[in-house]
Structure formats: C-alpha cells, structure tokens
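K.L.:
Got a sequence here, can you build the structure:
(one chain, ligands or ions: 1)
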Amino acid sequence: MLIKKELFSMLPSVDEVLGNENIVKALEKYPRKLVLDSIRESIDIKRKCIINLSEDSINNFSIKLEDIIEDSLERIRINYSLSLKKVINATGTVIHTNLGRSLLSESIKEELWDLSSRYSNLEYDLEKGERGSRYNHLRQMIKKLTNAEDVLVVNNNAAAVLLVLSTMAKGKETIVSRGELVEVGGSFRIPNIMELSGTKLVEIGSTNKTNLNDYKNAINEDTKVIMKVHTSNYKILGFTECVDIESLSKLGKEYDIPVIEDLGSGVFIDLSKYGLSYEPTVLDSIKNGADIVTFSGDKMLGGPQAGIIVGKKKYIDKMKQNQLTRALRVDKLTICALEATLRMYLDEEKAVENIPTLKMLTYNMQDLEEKALALFNKIDKLNLDINMSIEDGFSQVGGGSMPIEVIKSKVIAITPNKINVSTLEKGLRLSESHIIARIYDNKYILDVRTIFEDEFDVIANELENALI
Ligand SMILES: *Cc1c(COP(=O)(O)O)cnc(C)c1O
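P.N.:
All right, here's what the predicted structure looks like:
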C-alpha cells in the first residue's frame, strides 16, 4: 500500500525532465524560460492530482516520466502558440466580425511582405527628398474610384465618424433622424460616438418616419452638420419614410450646411447585378451630393480594417489639422493592403474574382453545389459513424450589412450516431484547426460558402479525430 508521500517522492525533478532528448531538442527551438515553465506546469498538475487522490485510488495511480515529458512537450507547443489563430469559418457568414471580417486576397501577399519587411516612403516625398504625408498614398486610388475631391483614411469607420463630427460640429449641433441612431454590434452606438465627438445631437422625426420638414425645422444658427446614417444592420419595414441623400444635400445647400453620410459598409460595385440586394455605392452618395461620406474598409469593400473618409477638400483639410487624426492614424500595413485591394476595383470582374469577400458573396448555385459535393465525398470516404447529407441552407452577408438578406447556399448536415452534436461542435472548435460551425435542428452544419477548398481535407480529418 502506497502512501501519498511516496507518490510525491516519485515525481521527477525539472532537471530530470530537462535531460530528455526531445526536451533538449525543444530547447533549440523554444525559449528556455518557456520550456522550464511548461515542465513546471506539467509536474505541478501531477502534484495536484496526487493531493486530490482518494485513499482507494492511490494504488492505481502511476507516475511515468514519459507521460510528464509528453505533457510538457504539448504544453510547450501550446504556450508558444499565438493567441490570435487561424480558424475555419464554416458558418457561411461572409463578413464575420468575430472571425476577422474580410480576408485579404492572396494576390497581394508579396506586396504586403515586401513593404513591411523593408523601409518605405511612408512619410517621405521621393520627388522632393523631404518629409511627405502617409495620407497621400491612398488619395489617387480612392479619388479615381469615387470621384471625390479628397480622401482621408483612419483606423476604422467609428474613428472616421468621430473625426468628421469632431472637426465639423464640435460644440455645435448635428441633426440626425431618430430612425438612424443605430447600434452597430459590439455595443458601438452611433449616438454615443456622436456624443464623444463633442457635438450636440439633435434627434428629429420618429423611429419610423422622418421627412424633409423635420430637418428644416431643426435648423438654427448652431447647426453645423446634417448627418445621414445608412442603417445597414437593421431595417424598418412597413409604414416608413426617410429622406434620401439627394434631397438632404439640396436642403444643405440652401442653408449652407454640409451633409455627411455614414454608409457603414461602403461598396464600389452595384452588387444587385450579382443577385444581392441593392446597397448604395460610395459613388452614388458623392454623385447625389453628400459633402462627406464615411465607410469601413473591411466590410463589403473586402479590404483591411480602416475607416475611409471621402468628400469635399475644404472639410478634409480641416480634419487633417485635427489632433485626433494623429491618434486615429493607419499604419503602413493597412495602407499597403488597402491600396492593393482597391487597385483590383479598377477592373470590376477581377475585383469580384480576387477579393475574397466579393467572391464568396457572389458564388452561384453551381459553384456551391460543386463545393458541397467535393467536401461530402471527402468525408464520405472515411466511413465515419455519422448521418450526412447535402442540404439547402442560408448564408448571411454579416458585418451588419444586409441584415434581412439571406443568401441561398449549400450545406453539409451531419448527425453523429454515437456522440452528442454539441460534443462534436465543441471538439471541432477546440481542435487544432478550430472549425467554427453552427448547430441547427440538432445537426452540425457546414456551410461551404465560407470554406476554402484547401480546408476540405483538414475538416474531414478533424471530423474523424473528433468521432473517435
Ligand atoms: C459598421 C458600421 C460602423 C462602424 O464601422 P467600423 O469600421 O466597424 O468601425 C459605423 N456606422 C455604420 C452605419 C456601420 O454599419
């Protein structure tokens, strides 16, 4: 009969574990401190197990050096891995804010690496041989695509709205329709950001109806901005009325008050020709008279996180003088990724083919059926203990865009025979490949719209592992 004291004395020392050849190899690759900490963790866990042992299980408890070494190696690997990890998005939601919104195109990876691993002309004017501005890099490209007078790019669209209002209406009034005071997820609320900018919010109309007279009646000598928010993440249906940007800009001109529009998800291409519902394009907004338009870089545009401000030069010049701009500025990686993404828009067909967000949103049914069949066959070959079928499903645009729009898709629906569907979901989520999928109607649903073909094998293998 063993006693706990004897078990404790059987625990290896850190030095003993360090002597193992695999651990020695690990020391070549990983920092010594991390290796030592991981070994200590591993021994500590065993020690805690001993403490918690009941009297009758003491004799069955074993301490093997190999187990501790293996556990240490696993811990070393996990402790060294980055917190921000690649996942497989099988949810079908294309612009998934929790999963990183838009994906960059593979075609720009060399440019991104070249730019970020060497010095650049980020704030240097090569012609003049003197200091330049980081904001010049995106200017020509965005002007070309939007016909706007000028451009300024900041950290994200929330920052863009903050900067615009802080510059144009701080201490004064901004008129906005009640129906447009939206919350944009992650508890970012338009009214809160407006307040933060120091402008006084003048809410007009009712939740479902606002007309031009409501705007007109609210104008006084303190009015500095009329703001319109494209409520991309919710829709009021039925008895509704709002004022379009064209009428607002007429009103603005009449009273010499600039009209700004927060488009949320900016698009450059009218996606209705690809079967999606119409979203106002940035070009429309400018053409219809908006003085300033703001939108996100990583929603429907399909680029990196950024807030893009376009419009009249006189206002943008003032924004550049605002100290906030320094705090909200974008880094060179963003500038590079955004310019390279936007360049693809010079050829609309190429943009839809090469920008992952657009490509995934515009798959046709045949593409999806082929993808679903290919994934189905990969899984089917493994003869797993599951029920599986290809079914019709619905994807979402996501990112607060086109909220009530569901796009038809093809999904693989899996019901495991021996384990719970939620156990399967958890197993795959925590697997090395981190597969994120939905459960619907007690089935595990893989929507092929957002899954890459080179992820099919991985999914099949992880499914096999999870079912063992
Ligand atoms: C998404 C959104 C924002 C915030 O944009 P971020 O780029 O996430 O900061 C602001 N306004 C509207 C209308 C939006 O849809």
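K.L.:
use CA for all of it now, contacts and neighbours both
P.N.:
Will do.
K.L.:
Would you pull up how far stretch 384-398 lies from the middle of the chain?
P.N.:
Offset of stretch 384-398 from its chain centre (Cα atoms, centre = their mean, to the nearest Å): 23 Å.
K.L.:
Taking the stretch 251-400 of the chain, what residue is nearest to the ligand?
P.N.:
Gly264 (3.4 Å; Cα to the nearest ligand atom).
K.L.:
List the contacts of the nearest residue to that residue once chain neighbours are set aside.
P.N.:
In this structure, Gly264 finds its nearest non-sequential neighbour in Phe295, 4.8 Å apart by Cα to Cα, 6 or more residues apart in numbering. For Phe295, the contact set (Cα atoms under 8 Å, 6 or more residues apart in numbering) comprises Asn157, Ala160, Asp262, Leu263, Gly264, Ser265, Gly266, Gly307, Ile308, Ile309.
K.L.:
Tell me the one of those nearest Ser177?
P.N.:
Asp262 (12.6 Å; Cα to Cα).
K.L.:
Any regions of the protein where pLDDT drops low?
P.N.:
Within the chain, the segments meeting pLDDT under 70 span 1-2, 184-188, 232-239, 400-404.
K.L.:
near the ligand, which residues of it?
P.N.:
Within the chain, the positions near the ligand by Cα under 6 Å from any ligand atom are 156-158, 184, 229-232, 262-265, 296, 307, 400.
K.L.:
among those, which ones are buried?
P.N.:
By neighbour count, with 16 or more other Cα atoms under 10 Å, these hold 156-158, 184, 229-232, 262-265, 296, 307, 400 as buried.
K.L.:
Which members of these occur in helices, if any?
P.N.:
Using DSSP state H, the subset of those located in helices is Asn157, Ala158.
K.L.:
The buried ones among the residues of the chain next to the ligand in strands, which ones?
P.N.:
Val229, Asp262, Leu263, Gly264, Ser265, Ser296, Gly307 (DSSP state E).
K.L.:
Smallest gap between the stretch 1-150 of the chain and the ligand, at which residue?
P.N.:
Closest point on the stretch 1-150 of the chain to the ligand, by Cα to the nearest ligand atom, is Thr97, at 8.4 Å.
K.L.:
nearest residue to that residue other than its sequence neighbours?
P.N.:
Using Cα to Cα, 6+ apart, the closest residue to Thr97 is Gly399 (5.7 Å).
K.L.:
Tell me how many other residues surround that neighbour.
P.N.:
25 (other Cα atoms under 10 Å).
K.L.:
what about the closest residue to Asn288 other than its chain neighbours, helix or strand, and which?
P.N.:
Spatial nearest neighbour of Asn288, chain neighbours left out: Glu246 (4.8 Å); criterion: Cα to Cα, 6+ apart. Following DSSP states H and E, one finds Glu246 within helix 245-255.
K.L.:
what's that helix packed up against?
P.N.:
Helices and strands touching helix 245-255, by 3 or more Cα pairs under 8 Å, 6 or more residues apart in numbering; DSSP states H and E, are helix 212-218, strand 223-229, strand 259-265.
K.L.:
One more pass at 7 Å, please.
P.N.:
strand 259-265 (3 or more Cα pairs under 7 Å, 6 or more residues apart in numbering; DSSP states H and E).
K.L.:
what angle do the strand it packs on and strand 223-229 make?
P.N.:
30 degrees (axes from the mean of the first three to the mean of the last three Cα atoms, to 10 degrees).
K.L.:
going on from strand 259-265, what's the next piece of helix or strand?
P.N.:
helix 282-287.
K.L.:
List the contacts of the helix or strand harbouring Asn465.
P.N.:
Here Asn465, judged by DSSP H and E, is contained in helix 456-467. Here helix 456-467 makes contact (Cα atoms under 7 Å, 6 or more residues apart in numbering) with Leu375, Lys378, Ile379, Leu384, Leu424, Gly427, Leu428.
K.L.:
need those in CSV with secondary structure, can you?
P.N.:
Formatted as CSV, those follow (DSSP: H, G, I helix; E, B strand; the rest coil):
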residue, secondary structure
Leu375, helix
Lys378, helix
Ile379, helix
Leu384, coil
Leu424, helix
Gly427, helix
Leu428, helix
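K.L.:
Go ahead and confirm the residue nearest to Thr97 touches His96.
P.N.:
Yes - the pair Gly399 / His96 is scored as a contact, 5.8 Å apart, by Cα atoms under 7 Å.
K.L.:
Chain neighbours aside, what residue packs nearest to Val24?
P.N.:
That would be Leu18: by Cα to Cα, 6+ apart, it lies 6.6 Å from Val24.
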